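Trainee: Let's see this in three dimensions:
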Amino acid sequence: MFKHILIPVDGSPTSMLAVGKAAALAKTFGSSVTALYVVDPYPFTGVGADFAYGQAQYLSAATAEANAALDAAKKAIEDAGVPVTTVVGEGHAVHDGIVRAVESTGADLIVMGSHGRRGLEKLVLGSVTQRVLGVAHVPVLVVRD
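Mentor: Residues are numbered from 1 along each chain as shown. So this is what the prediction gives:
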């Protein structure tokens with residue numbers, strides 16, 4: 001039914017629940033799987049050159065966070081017996097990075113958590129999830145905790 005499942009992760013417990021659901025679906029349907037972490041490469045845009053020093057530290061920390069989240073997702077998916085590809089995507093808005101990844105990977109299903117861990121966004125139906133639901137042109141399975 002689904003040939004390629006995209007799993008946006010952020011390292012939160014809810015995204016790891018989505019990883020488990022996606023792995024089970026992939027095993028059932030024989031789907032290929034891509035785990036994705038989206039990083040904003042230029043969070044300081046428009047605040048002046050004084051923050052250029054902080055840019056390198058931010059990118060280093062963001063890459064480390066992405067790798068940790070993707071490593072955890074990869075382990076969980078592979079432990080379920082499903083091969084997985086991991087990708088660090090970029091986007092000023094996380095939902096844009098997810099939509100671009102759908103297009104570049106050919107995914108026909110997105111499985112993601114209902115809430116992430118990004119600041120105030122964790123207090124409501126994840127605003128990233130809400131935006132993905134509004135713009136994605138493939139089905140989105142939202143996993144709640």
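Trainee: So for the helix or strand Gln130 falls within, mean pLDDT?
Mentor: Gln130 belongs to helix 127-135 when elements are defined using DSSP states H and E. The average of the pLDDT scores along helix 127-135 is 91.
Trainee: Where does pLDDT dip in the protein?
Mentor: Scanning the chain with the threshold set as pLDDT under 70 gives 42-53, 116-126.
Trainee: Check which helices and strands the top helix by length along it sits against.
Mentor: The single longest helix within the chain, with elements called by DSSP state H, is helix 52-79. Here helix 52-79 touches helix 13-29, strand 32-39, strand 85-90, going by 3 or more CB pairs under 8 Å, 6 or more residues apart in numbering; DSSP states H and E. Using the backbone N, CA and C atoms, a C-beta is placed for each residue, glycine as well.
Trainee: Dump the longest one to PDB, keeping only the CA atoms.
Mentor: Translated: helix 13-29. Extracted in PDB, the C-alpha atoms of helix 13-29 (Å, rounded to 0.1, in the frame of the first residue of the first chain):
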ATOM      1  CA  PRO A  13       9.100  10.800  23.100                       C
ATOM      2  CA  THR A  14       6.200  11.400  20.800                       C
ATOM      3  CA  SER A  15       8.300  11.300  17.700                       C
ATOM      4  CA  MET A  16       9.800   8.000  18.900                       C
ATOM      5  CA  LEU A  17       6.300   6.700  19.200                       C
ATOM      6  CA  ALA A  18       5.800   7.700  15.600                       C
ATOM      7  CA  VAL A  19       9.000   5.800  14.700                       C
ATOM      8  CA  GLY A  20       7.600   2.600  16.200                       C
ATOM      9  CA  LYS A  21       4.300   2.900  14.300                       C
ATOM     10  CA  ALA A  22       6.100   3.700  11.100                       C
ATOM     11  CA  ALA A  23       8.400   0.700  11.500                       C
ATOM     12  CA  ALA A  24       5.500  -1.600  12.000                       C
ATOM     13  CA  LEU A  25       3.700  -0.200   8.900                       C
ATOM     14  CA  ALA A  26       6.900  -0.500   6.900                       C
ATOM     15  CA  LYS A  27       7.400  -4.100   7.900                       C
ATOM     16  CA  THR A  28       3.700  -4.900   7.100                       C
ATOM     17  CA  PHE A  29       3.800  -3.200   3.700                       C
END
